[in-house]
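1. The following comprises the amino acid sequence and a computationally predicted model.
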Amino acid sequence: MQTHISIIKTCFFHLRRIASIRRNLTHDACVKLVVSLIFSRLDYCNSLLAGLPVSSIHGLQRVQNAAARLTLRKTKRDHITPLLRSLHWLPVNTRISYKLSTLVYKYLNDSAPEYLQSSLDLYTQPSDRPLRSAADPLRLHIPRSKLASAGQRAFPSAGPSVWNSLPRSRVG
């Protein structure tokens, strides 16, 4: 995954280029430029980054923080959370979870690509004992994996894990 995360250098290059013309841009134009040049790279295949350690994703979060500061003309000393909220940008970890949840939602509504249709299964309750999870028809089965790191990060495991962790009042 380090190859994908190496986009950090490219993103900072583009941020420096945008910073050089920032005084000539309106706020809306700067936001559109940052979203098109930076976020298109951050969001490309970011669902593959699910389950990676925070240290691996930290560089991508630094890029997003720098983009928010550039867009809002803030300094390094300003807190980043209010800036991200004012721009309505999710942090990188949450963006990854959102992307996985979106793919699972598409699977459940039969609008996912064909290669994903066979990778997820609905949870079936054991017949010998009733469980509270039987009341949740949208619960997905999380397959066991032999590989502790790569197996749990694969879509058939990571997607249902994120989906099952969502609050039930907002799902469906």
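-> Happy to help now that I have it.
2. counting contacts, what elements does the helix or strand hosting residue 13 pack onto?
-> Per DSSP states H and E, residue 13 falls inside helix 7-21. Under the contact definition 3 or more C-beta pairs under 8 Å, 6 or more residues apart in numbering; DSSP states H and E, helix 7-21 sits against helix 27-34, helix 40-43, helix 54-72. Placement of C-beta: from N, CA and C, glycine included.
3. residues in contact with it?
-> 25, 30, 33-34, 37-38, 41-42, 44, 59-60, 62-63, 66-67, 70 (C-beta atoms under 8 Å, 6 or more residues apart in numbering).
4. contacting residues around residue 112?
-> Shown in contact with residue 112 (C-beta under 8 Å, 6+ apart): 103, 106.
5. Actually, residue 25.
-> Residue 25 neighbours (C-beta under 8 Å, 6+ apart): 18, 33.
6. Against residue 41, how distant is it?
-> The gap separating residue 25 from residue 41 is 19 Å, by C-beta to C-beta, to the nearest Å.
7. which residue sits closest to residue 37 in space, ignoring its chain neighbours?
-> Spatial nearest neighbour of residue 37, chain neighbours left out: residue 14 (4.7 Å); criterion: C-beta to C-beta, 6 or more residues apart in numbering.
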